[in-house]
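# need the 3D shape of this:
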Amino acid sequence: MPSPTLLVKRQNHRVHLCNPERKDELLELLLERNAELTILVATTNASETIRNKVFSENVSVLSDEELLACELKFDLLISYDLPQSPRLYAERLVHAKTHALVLLDPNEQKLLYPIETFLGRTLMKEPISGFEPAPAKIQTRSKLFNANAPKRDYASEEKLEKKKGKKENNPFGKKSFGAKPGAKPDAVEAKNRPAQVFTRESVLKGVTRKINIKPAKAPKEGK
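The predicted structure follows:
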């Protein structure tokens, strides 16, 4: 089988998105626009409903099974739907000379990626005015959140925080490891307290020696 990427150029290979209920209407529009071309309408199973919509001698409706025994080539390939196998879609492209179109509804999106991977290129999406599928509905906030859910009892939470030791002077509820509340340190006693210094002799003997370190006097003004 010849390489399908060489038969139809990328700019002539398009995907038209539409809702499934409007596929027949879009097919009729494309047939009218390209009435001067020879057209192949390929489907997974060519139903009589699709055949009855074609009244031109230039248009042939064939299923994937019928295409395996067909040797004709057409100017335009219109894929009414996508096959389950990418190789079957490649077989459709073999019968297209220059152009290929795909009518794709949102339910067939999962079949498009394997085909693009097999062909080694992405297919250009071209919307047709009036046939764009409706955008997916966005879930509203009322559906995401239950309005009837019980509300938080902040009064009970406040009582629980007080039990844990949360007070006005300690807003984070943490224990204080410093002096007891209300205790005032004796600044004079702390200032004159002798410093404890370890000397070489005291370390060897295991005894600390206390010495008094007098604070330096502030210089007098004017000197």
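# how much space between residue 126 and residue 82?
16 Å (CB to CB, to the nearest Å). Glycine gets a C-beta too; all of them are placed from N, C-alpha and C.
# let me fix that, I meant to ask about residue 62.
Relative to residue 82, and taking CB to CB, residue 62 is found at 15 Å.
# so between these two, which is more surrounded?
residue 82 (25 against 20; other CB atoms under 10 Å).
# what's the helix or strand for the closest residue in space to the more buried one that isn't next to it in sequence?
Here the nearest residue to residue 82 in space, its sequence neighbours aside, is residue 111; by CB to CB, 6 or more residues apart in numbering that works out to 4.2 Å. If you go by DSSP states H and E, residue 111 is part of helix 109-119.
# packing partners of that helix?
helix 86-94 (3 or more CB pairs under 8 Å, 6 or more residues apart in numbering; DSSP states H and E).
# return the list of strands paired to the helix or strand just after the helix it packs on, each annotated with direction.
Moving toward the C-terminus from helix 86-94, the next helix or strand (DSSP H and E) is strand 96-104. Here strand 96-104 is paired, per DSSP bridges, with strand 13-17 (parallel), strand 74-79 (parallel).
# got the contact list for the longest one?
It refers to strand 74-79. 8, 27, 30-31, 34, 37-43, 60, 89, 92-93, 95-103 (CB atoms under 8 Å, 6 or more residues apart in numbering).
# which of those residues are buried?
8, 27, 30-31, 34, 37-43, 60, 89, 92-93, 95-97, 99-103 (16 or more other CB atoms under 10 Å).
# name the helix or strand of this structure that has the lowest mean pLDDT.
helix 141-144 (a mean of 48; mean pLDDT, DSSP states H and E).
# which one is residue 80 nearest to, not counting chain neighbours?
Per CB to CB, 6+ apart, closest to residue 80 is residue 43, 4.4 Å.
# the protein: strands as residue ranges?
13-17, 39-43, 59-63, 74-79, 96-104, 124-125, 195-197, 209-211 (DSSP state E).
# so how many other residues sit close to residue 19?
Neighbours around residue 19, by other CB under 10 Å: 15.
# not counting its neighbours along the chain, what's nearest it?
Residue 19 sits nearest to residue 133 (CB to CB, 6+ apart), 4.9 Å away.
# wait, what's in contact with that neighbour?
17-19, 105-106.
# for those, could you give me TSV that also reports pLDDT and distance to residue 117?
Shown next, in TSV, are the contacts of residue 133 (pLDDT from 0 to 100; distance: CB to CB, whole Å):
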residue	pLDDT	distance to residue 117
17	93	20
18	92	23
19	90	26
105	90	20
106	88	20
